[in-house]
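> here's a sequence, model it:
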Amino acid sequence: LAGNSMGGAIALLLSLRAANTTDIQGLVLLAPMISLPVNSWQSWGLRQLRLMSPKMGLFRPSSNATDYTIRDRTRRKEAEDDKFSYKGRLRVASALTCLALSKRVMQEMDQVSCPVLC
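Numbers count the residues shown, from 1 in each chain. Predicted structure coming up:
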């Protein structure tokens, strides 16, 4: 199973859910989102913003993010033109979901039993 960024965190969680089966025999992770440097005040502030405006956009994604993750120009163009890829600002509720996911992954990381390549 392969995953990039948030997909890497999701792949890790899937491997934990499939721990008693042979469905997932290994993971290939590219910059997995397993730890986010957010302190308790920032987390508290995000929770307060979610109560007031959960769909408020926080910041735009880096315009050159695909330059760092996809070297092949054709594949990079495909990723940039993907109609299912969200292009807007990260919303408050989504940021909190990312924080919860990374916290959960960190708590359960020692239970990953399949080979992992990062």
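> phi first, then psi, for the closest residue to Asn4 other than its chain neighbours.
Residue nearest to Asn4 in three dimensions, not counting chain neighbours: Leu30, with 4.4 Å by C-beta to C-beta, 6 or more residues apart in numbering. Every residue, glycine included, has its C-beta placed from N, CA and C. Backbone torsions of Leu30, given as degrees, to the nearest 10, read phi -110, psi 110.
> cool, Leu117 as well?
phi -120, psi 120.
> how many neighbours does it have?
9 (other C-beta atoms under 10 Å).
> ditto for Pro54
The tally of other residues near Pro54 (other C-beta under 10 Å) stands at 12.
> repeat that for Ala95.
20.
> same question for Met33.
20.
> so who does Ile115 touch?
That one is not Ile; residue 115 is Pro. Applying C-beta atoms under 8 Å, 6 or more residues apart in numbering to Pro115 gives the contacts 25-27.
> if we use 7 Å, what do you get?
The contact partners of Pro115, by C-beta atoms under 7 Å, 6 or more residues apart in numbering, come to Gly26.
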